[in-house]
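[1] need a structure here:
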Amino acid sequence: MSARSAELLSLYEALLAKVKADYLNDNLMTVKELFAVVTNGKEFLSLKEQAKEDELALVEQFLKRDIASYLQEKNDTDLSHSPTMITVENTVWHWLSGITDRSQIEWHEVLQDFKHQGHYQSGEIVGQGNMVCIHCGHEMKIEFPGVIPDCPECDESEFTREALAP
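    Numbering: from 1, shown residues only. Next comes the predicted model:
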C-alpha cells in the first residue's frame, strides 16, 4: 500500500469513527441525515482537500454504503425494532388495558352495591353480576349492563347481587 493510500485510508477510518459517534449521539438519524452531517464535518473537509475528484467520488460511494450497512447492523441487533418484541409489547399493553377496564367496572359495581346497600329493585339499571330474588332465590345472570326485569319465577321485584368473584 502506498503512503498516499495509507493516508487516505486513515482519513476514511476517521470518517467512519465520526459516523459511529454521530449516530450514538442521535440514533434516530437516517442514512441521508448521517451522510450530510459527516460530509459537513472537519474530517471530510480534510479528506476533500487531499483527495482527487475521482478518489473523492469513490470515498462518497463507500461512505454511503458503509453508513447504510452500519445502520442496518445496528437495527438488526436492536430488539426494539424486532417484530416479535413489538408484538409482545402490544400484547402486554392490551392485557394491561383489559385489566384496567375490568377493575374500573368492578369498582363501579362495588360502589353501586354500597349505594343500594345490597338490595335492588326491578327496573333499576345494573351492570354485570348475579341477581338473586329475595323471595324465591332464583338467580339471574346479568352479562351486560341493563334494566333488571321482574323475577321470571315468582314475578317479584326485589333482588340482591352476589359478590363479584375475583
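[2] how far away is Asn40 from Leu15?
    12 Å (Cβ to Cβ, to the nearest Å). C-beta: built from backbone N, CA, C; applies to glycine.
[3] Might one say that Tyr23 is in contact with Thr30?
    No. Using Cβ atoms under 8 Å, Tyr23 makes no contact with Thr30, being 10.5 Å away.
[4] Those two - which one has more neighbours?
    Between Tyr23 and Thr30, counting by other Cβ atoms under 10 Å, Tyr23 is the more crowded of the two (19 against 11).
[5] follow-up on the earlier one: shared neighbours of Tyr23 and Thr30, which are they?
    With contacts taken as Cβ atoms under 8 Å, 6 or more residues apart in numbering, Tyr23 and Thr30 have Leu71 as neighbours in common.
[6] per-residue confidence at His138?
    Here, the pLDDT recorded for His138 equals 94.
[7] That one: what's it in contact with?
    His138 is in contact with 132, 151-154, counting by Cβ under 8 Å, 6+ apart.
[8] Which of these ranks first by neighbour count?
    Busiest of the contacts of His138 [other Cβ under 10 Å] is Cys151, holding 22 neighbours.
[9] For that one, pull up the helix or strand it's in.
    Counting by DSSP states H and E, no helix or strand carries Cys151.
[10] Show me what the nearest residue to it once chain neighbours are set aside bridges to in the sheet.
    Of all residues not flanking Cys151 in the chain, Cys133 sits nearest, at 4.2 Å (Cβ to Cβ, 6 or more residues apart in numbering). Beta-bridge pairing of Cys133 under DSSP bridges involves Phe159.
[11] what number of residues lie near Cys133?
    Cys133 has 21 neighbouring residues, counting by other Cβ under 10 Å.
[12] isn't it right next to Cys154, touching?
    Yes. Cys133 sits in contact with Cys154 when judged by Cβ under 8 Å, with a separation of 6.4 Å.
[13] Now for Met29: which residues touch it?
    22-23, 37.
[14] Leu28 looks like it's in a helix, true?
    No. With DSSP: H, G, I helix; E, B strand; the rest coil as the criterion, Leu28 is located in coil rather than a helix.
[15] where in the chain is pLDDT low?
    Scanning the chain with the threshold set as pLDDT under 70 gives 1, 75-86, 96-110, 113-114, 163-166.
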